[in-house]
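In: just coords:
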């Protein structure tokens, strides 16, 4: 009887191993992908949380030490840093600050950013209120140089005086950079902290059984909203709901979804930056790829993965901020789902057959073709912002849309070739697809 039980168990294990080995790699995400869709205008915030207020990450740390530790080491915790508490947060060389700068290091209270660029917040009285303004120079960490900074040149250029000293951070920057400010107008914490993604935590602190918003528990399309609240370029919602223009919003145009808290319907607070295929803007190339940073959401909502329920946090650990542009995790991050033998491809037998490049070469890295560098962090920065469209852009498309050749994945490596010759290579490989052939502008 024992032998029979042994062999029966072994056979069942072998069958299970066979089934598991041949299951689509997307199978572990089945529960997430099949969650009911609830509509963009439904309020998902827990009822108990709706009367809560923001308390700051130190309160969260008391129970969530590991998560706090990971977050503290991430760049989100360092978006806004207090120079008075730690002067080492300044990365710029102030000995080289241009003479026409309208601030000094002594004037600055907070730094904004440090990874790609750093800007400086200076206390100011604007529109009759105590506020902050930005210095007229920013430090470009990618070039190691100071460069002019005119924040009023963005979409709200008709909403503010063209003078940095009269340009408030309260309506343009602080909603995304300070915890609590987007919802309450109060700078609860100078960082992108726990409550930016989980909502106000006072009731949860009093009673751990009282829930905070946890995005991964809900419809995956709605899950992304905790990221899209800031990682999607927008316009003031009043332009849509009240028919206002930027000029109508003089000294009050808001560059973040004012009033939003995680779980609430973001669509009720945010108006995405406009884009129409074939029409380039200051923020997007004519094919929809990013010209600037912080456009991940604008690109991703047009991708098939978004529509099928793959979320930002499937690729990025929201606490550690892993798999970043500077430290990508390589093909493993993509091939945990898109591996050979998976129903979602690649549909070849080897990596070299899929890419037509050597397996250990740059040309066989998923992100080089599907997330090319198309955007800049400032006008004088190199191309380092990776696209989140994921669809491969053919050289002929790049040419037809009048985009710079260097934004094309093929040309980025093969600068000795033309876009036409690179398109011919793809033709020779049989890599063109029907929708590309029916587009008149594709050679």
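Out: Received the coordinates, thanks. Note that this is a predicted model, so its numbers are computed, not measured.
In: CA atoms for contacts and neighbours, from now on please.
Out: OK.
In: for stretch 107-115, the distance to its chain's centre please.
Out: A distance of 21 Å separates the C-alpha centroid of stretch 107-115 from that of its chain, computed with CA atoms, centre = their mean, to the nearest Å.
In: Actually, stretch 234-248.
Out: Going by CA atoms, centre = their mean, where stretch 234-248 is centred and where its chain is centred differ by 24 Å.
In: What's the end-to-end length of that stretch?
Out: Distance across stretch 234-248, first residue to last, is 17 Å (CA to CA, to the nearest Å).
In: how about the strands in the stretch 51-200 of the chain?
Out: For the stretch 51-200 of the chain, applying DSSP state E, counting those that start in this stretch gives strands covering 80-82, 110-112, 117-126, 129-134, 137-140, 145-148.
In: Mean neighbour count and distance to residue 88 for these - can I get that in a markdown table?
Out: Formatted as a markdown table, the entries for those read as follows, by neighbours: other CA atoms under 10 Å; distance: least, CA to CA, whole Å:
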| stretch | mean neighbour count | distance to residue 88 |
| --- | --- | --- |
| strand 80-82 | 22 | 10 |
| strand 110-112 | 23 | 11 |
| strand 117-126 | 20 | 13 |
| strand 129-134 | 19 | 19 |
| strand 137-140 | 23 | 15 |
| strand 145-148 | 16 | 18 |
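In: Now do the helices in the stretch 251-400 of the chain.
Out: Using DSSP state H, counting those that start in this stretch, the helices found in the stretch 251-400 of the chain span residues 296-300, 304-308, 312-315, 331-335, 351-355, 366-370, 395-400.
In: Would you mind finding the most buried of those?
Out: Among the helices of the stretch 251-400 of the chain, ranked by average contacts under mean count of other CA atoms under 10 Å, first place goes to helix 296-300 (a mean of 22).
In: Distance of the nearest residue to residue 412 once chain neighbours are set aside relative to residue 103?
Out: In space, and not counting its chain neighbours, residue 412 is closest to residue 406: 5.0 Å by CA to CA, 6 or more residues apart in numbering. Distance of residue 406 to residue 103, given as CA to CA: 36 Å.
In: Contacts only, for the residue nearest to residue 412.
Out: Applying CA atoms under 8 Å, 6 or more residues apart in numbering, we find residue 406 in contact with 374, 412, 415.
In: Secondary structure class of it, three-state.
Out: Applying DSSP: H, G, I helix; E, B strand; the rest coil to residue 406 yields a three-state assignment of helix.
In: Would you mind measuring from it to residue 368?
Out: From residue 406 to residue 368 the distance is 12 Å (CA to CA).
In: what does residue 62 give?
Out: Applying CA to CA, the value for residue 62 to residue 368 is 42 Å.
In: Check residue 332 too.
Out: The spacing between residue 332 and residue 368, counted by CA to CA, is 14 Å.
In: what is in contact with those two at once?
Out: Counting by CA under 8 Å, 6+ apart, no residue touches both residue 332 and residue 368.
In: Report the residue spans of the protein with pLDDT below the cut-off.
Out: Residues of the chain meeting the criterion pLDDT under 70: 15-24, 437-443.
In: Mind doing that once more with 50?
Out: Within the chain, the ranges that satisfy pLDDT under 50 run 443.
In: Domain map for it?
Out: Residue ranges for the structural domains of the chain, counted by automatic domain parsing, are given in the record as 47-272, 342-443.
In: deepest of these, which one?
Out: Of all these, domain 47-272 has the most neighbours on average by mean count of other CA under 10 Å, namely a mean of 18.
In: From start to finish, how long is that domain in a straight line?
Out: With CA to CA as the measure, what separates the two termini of domain 47-272 is 27 Å.
In: what's the answer for stretch 55-73, then?
Out: With CA to CA as the measure, stretch 55-73 spans 20 Å from end to end.
In: Start at 7, not 1
Out: Fine by me, first position is 7 from now on; the one you just mentioned is stretch 61-79.
In: Please name the residues that touch the residue lying closest to residue 305 once chain neighbours are set aside.
Out: Counting by CA to CA, 6+ apart, residue 305 lies nearest to residue 395, which is 5.1 Å off, once chain neighbours are set aside. With contact taken as CA under 8 Å, 6+ apart, residue 395 is in contact with 294-295, 305-306, 308-309, 376-377.
In: Apply 7 Å and report the result again.
Out: For residue 395, the contacting residues are 295, 305-306, 309, taking CA atoms under 7 Å, 6 or more residues apart in numbering as the criterion.
In: Put together TSV for those residues, with distance to residue 228 on each row.
Out: Supplementary listing: the contacts of residue 395 in TSV, determined by distance: CA to CA, whole Å:
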residue	distance to residue 228
295	23
305	16
306	13
309	15
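In: I figured residue 425 hits residue 400, correct?
Out: No. Using CA atoms under 7 Å as the test, residue 425 is too far from residue 400 to be in contact (8.9 Å).
In: give me every residue that touches residue 411.
Out: Neighbouring residues of residue 411 by CA under 7 Å, 6+ apart: 404, 417.
In: swap that for residue 303, sorry
Out: 234, 237-238.
In: if we go to 10 Å?
Out: Residues counted as contacts of residue 303 (CA atoms under 10 Å, 6 or more residues apart in numbering) are 230-231, 233-239, 278, 312, 318, 394-395.
In: Excluding sequence neighbours, find me the nearest residue to it.
Out: Across the structure, with CA to CA, 6+ apart as the measure, the residue nearest residue 303 apart from its sequence neighbours is residue 238 (4.6 Å).
In: Three-state assignment for the one you found, please.
Out: For residue 238, the secondary structure call by three-state DSSP comes out as coil.
In: Report the separation between it and residue 320.
Out: Noted for residue 238: a distance of 18 Å to residue 320, by CA to CA.
In: and if you look at residue 114?
Out: Using CA to CA, residue 114 is found at 38 Å from residue 320.
In: Could you double-check that residue 275 lies in contact with residue 261?
Out: No. With contacts counted by CA atoms under 10 Å, residue 275 stays clear of residue 261, the gap being 11.1 Å.
In: any common contacting residues for these two?
Out: Common neighbours of residue 275 and residue 261, using CA under 10 Å, 6+ apart, are 242-243.
In: Next, format the domains of the chain as CSV and append distance to residue 46.
Out: CSV is the format used below for the domains of the chain (distance: least, CA to CA, whole Å):
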stretch, distance to residue 46
domain 53-278, 6
domain 348-449, 22
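In: Out of the ones you listed, which is closest to residue 14?
Out: Smallest distance to residue 14 across these (CA to CA): 29.3 Å, for domain 348-449.
In: so how far is the closest one off the chain centroid?
Out: 21 Å.
In: With stretch 34-51 instead?
Out: Distance, stretch centre to chain centre, for stretch 34-51: 20 Å (CA atoms, centre = their mean).
In: mind listing what's buried in it?
Out: 38-39, 46, 50-51 (16 or more other CA atoms under 10 Å).
In: returning to that earlier point: closest one to residue 19 among the helices of the stretch 257-406 of the chain?
Out: helix 337-341 (25.5 Å).
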